[in-house]
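J.: 3D, please:
(chains A, B, C and D)
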2 protein chains.
Amino acid sequence: MASQRLNSTAASLLGFLHDGPRTGAALYRTAESRIGDFWSLTRSQVYRELEAMTSAGLVRAGSRGPRDARTFTITAAGRAAFRSWADLDPEPETIRFPLLLLVGFGEHVAPARLREHLAAHRAIHAARLAAYEAIRDQAVAGTGSTSAAHVRSAADQPSPERRPFALATLAFGLAYEAAVLDWFADVERILPPPRDSE
Amino acid sequence: MASQRLNSTAASLLGFLHDGPRTGAALYRTAESRIGDFWSLTRSQVYRELEAMTSAGLVRAGSRGPRDARTFTITAAGRAAFRSWADLDPEPETIRFPLLLLVGFGEHVAPARLREHLAAHRAIHAARLAAYEAIRDQAVAGTGSTSAAHVRSAADQPSPERRPFALATLAFGLAYEAAVLDWFADVERILPPPRDSE
DNA sequence: TGGAGCATGTAATGAGTTACATGATTGG
DNA sequence: CCAATCATGTAACTCATTACATGCTCCA
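T.: Residues are numbered from 1 along each chain as shown, chains lettered A, B, ... in the order given. Just a heads-up that it's a prediction; the model follows:
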């Protein structure tokens, strides 16, 4: 009955519940800020997984509070389930990049429009890179709590215990965004240059 | 009735159908080889979308052949739908990277196991980078049809018309895999080194 | 004190995956 | 011509997103 392989979303919720009981909404907020950059999820998923894990005995639900809110607490079975999830080989990553589709079908797309799309997305990625750099710079500067725009709030600062792992995931964001920006430069070189009349 | 925003999977099928009528299985094969690296899909999705697009008048289904196979042909409405999809701002990409979850929850994962997972995935990405490099090298060498392992079959060579776009998407794969490999090196530096007893 | 805005949770729909059924092909 | 294998399509299920309902909170 116990273990059919936990999905990664559920496992993540269990991961957060190691830090103490939380309500669904709180878990959603935490997930967004701590893993949202490489694991998308929605509020509905959180509640669905909590419900399922309650039935499975991995978490225990408290009684209803203010807005029908319940706090969920991880059980011993929940900790065990998390551990066996962490022991399995992680699935390969999936990337779904609509802009690349557009480039791949470039022959059927108006060249000017394609360039507009590319420019817009380059700007987005430049901003994300800058945001990650700001977080990194703040992290290396110590706990100087000057909270700039796009920088995670002080409440989300990793504990000393967690810091190297948070830095490691941040490093991925930095490497990824830098690579994407390089790619935009590649594309400029590869694609046929605009013809005069456009 | 006509246009509620086409999803990207459906749009891609329309994209392929620009090259002529195709059967569901053929579309699936083409999709895997031409966009599979940045847009995952399954056979079931292909058939579902074709069914829906038939109802919507974007494609026309031929009569049943050999194994109940039907060929689908793009209609004028289908071309129009593809064009308006291509005109909309593409959605931001989504990445779901289970290995990063594991790193993010590193505090709760056995250090030795975490390193094993990292090593296994580094090998996968090294292989993917090598495969992309092989494709690139073959592409720049002209149509020399020495088909090595991991290299796309000659049937999938882009037409001259399509070549710059195929190179641009390939460039993404190269940039991405290189960045991931860099990141593995970062992680080595960031994470606490193994303690003697492990 | 009442109502505008927001936080929390739920329901309905859409997309994606896995597992299966059925019909061709091919080699002995 | 039969059996093993593979290609094609479908059905059942899981996961993900969007749109909604309801109830707090806080300020005019």
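J.: hey, let's count contacts and neighbours off CA atoms from now on
T.: Fine.
J.: which bits of chain A sit near DNA strand D?
T.: Neighbours of DNA strand D within chain A, by CA under 7 Å from any atom of the strand: A:6-7, A:9, A:40-45, A:66-68.
J.: redo the residues you listed as a markdown table? Include pLDDT, secondary structure and neighbour count.
T.: A markdown table is the format used below for the residues of chain A next to DNA strand D (pLDDT from 0 to 100; DSSP: H, G, I helix; E, B strand; the rest coil; neighbours: other CA atoms under 10 Å in any protein chain shown):
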| residue | pLDDT | secondary structure | neighbour count |
| --- | --- | --- | --- |
| A:6 | 94 | coil | 16 |
| A:7 | 95 | coil | 11 |
| A:9 | 97 | helix | 18 |
| A:40 | 93 | coil | 14 |
| A:41 | 95 | coil | 15 |
| A:42 | 96 | coil | 12 |
| A:43 | 95 | helix | 14 |
| A:44 | 96 | helix | 11 |
| A:45 | 96 | helix | 14 |
| A:66 | 77 | coil | 6 |
| A:67 | 75 | coil | 6 |
| A:68 | 78 | coil | 7 |
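J.: restrict the residues you listed to contacts with DNA strand C.
T.: A:43-44, A:67-68.
J.: which one among those gets closest to residue A:188?
T.: Using CA to CA, residue A:43 is the member of those that lies nearest residue A:188, at 38.8 Å.
J.: ok so residue A:95 is a helix residue?
T.: No. Under DSSP: H, G, I helix; E, B strand; the rest coil, residue A:95 sits outside any helix and is assigned strand.
J.: residues contacting it?
T.: Residue A:95 sits next to B:37-40, B:93-96 when contact means CA atoms under 8 Å, 6 or more residues apart in numbering or on different chains.
J.: can you rerun that using 7 Å?
T.: Each residue near residue A:95 by CA atoms under 7 Å, 6 or more residues apart in numbering or on different chains is listed here: B:38-39, B:94-96.
J.: cool, residue A:40 as well?
T.: Residue A:40 neighbours (CA under 7 Å, 6+ apart): residue B:96.
J.: residue A:18 now?
T.: Residue A:18 neighbours (CA under 7 Å, 6+ apart): residue A:74.
J.: in chain A, what spans have low per-residue confidence?
T.: A:1-4, A:142-156, A:195-198 (pLDDT under 70).
J.: buried residues, the helix ranked longest in it. List them.
T.: Looking across chain A with DSSP state H, the single longest helix is helix A:111-140. In terms of neighbour count (16 or more other CA atoms under 10 Å in any protein chain shown), helix A:111-140 has its buried residues at A:111, A:114-115, A:117-118, A:121-122, A:125, A:128-136, A:138-139.
J.: next one: stretch A:44-63
T.: Those would be A:46-47, A:49-51, A:53-54, A:57-61, for stretch A:44-63 by 16+ other CA under 10 Å.
J.: from start to finish, how long is that stretch in a straight line?
T.: 20 Å (CA to CA, to the nearest Å).
J.: and that stretch, does that touch chain B?
T.: No. Judged by CA under 7 Å from any CA of the partner chain, stretch A:44-63 and chain B are separated, with a smallest distance of 14.9 Å.
J.: and the contacts of that stretch?
T.: Contacts of stretch A:44-63 (CA under 7 Å, 6+ apart): A:10, A:24, A:28, A:70-75, A:77-78.
J.: would you format the buried residues of stretch A:44-63 as JSON lines with secondary structure included?
T.: Below are the buried residues of stretch A:44-63 laid out as JSON lines (three-state DSSP):
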{"residue": "A:46", "secondary structure": "helix"}
{"residue": "A:47", "secondary structure": "helix"}
{"residue": "A:49", "secondary structure": "helix"}
{"residue": "A:50", "secondary structure": "helix"}
{"residue": "A:51", "secondary structure": "helix"}
{"residue": "A:53", "secondary structure": "helix"}
{"residue": "A:54", "secondary structure": "helix"}
{"residue": "A:57", "secondary structure": "coil"}
{"residue": "A:58", "secondary structure": "coil"}
{"residue": "A:59", "secondary structure": "strand"}
{"residue": "A:60", "secondary structure": "strand"}
{"residue": "A:61", "secondary structure": "strand"}
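J.: packing partners for the longest helix of chain A?
T.: With contacts defined as 3 or more CA pairs under 7 Å, 6 or more residues apart in numbering or on different chains; DSSP states H and E, helix A:111-140 has these neighbours: helix A:163-190.
J.: could you rerun that using 8 Å?
T.: helix A:98-104, helix A:163-190 (3 or more CA pairs under 8 Å, 6 or more residues apart in numbering or on different chains; DSSP states H and E).
J.: tabulate those (a markdown table), appending mean neighbour count and distance to residue B:163.
T.: Formatted as a markdown table, the helices and strands packed on helix A:111-140 follow (neighbours: other CA atoms under 10 Å in any protein chain shown; distance: least, CA to CA, whole Å):
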| stretch | mean neighbour count | distance to residue B:163 |
| --- | --- | --- |
| helix A:98-104 | 23 | 10 |
| helix A:163-190 | 19 | 10 |
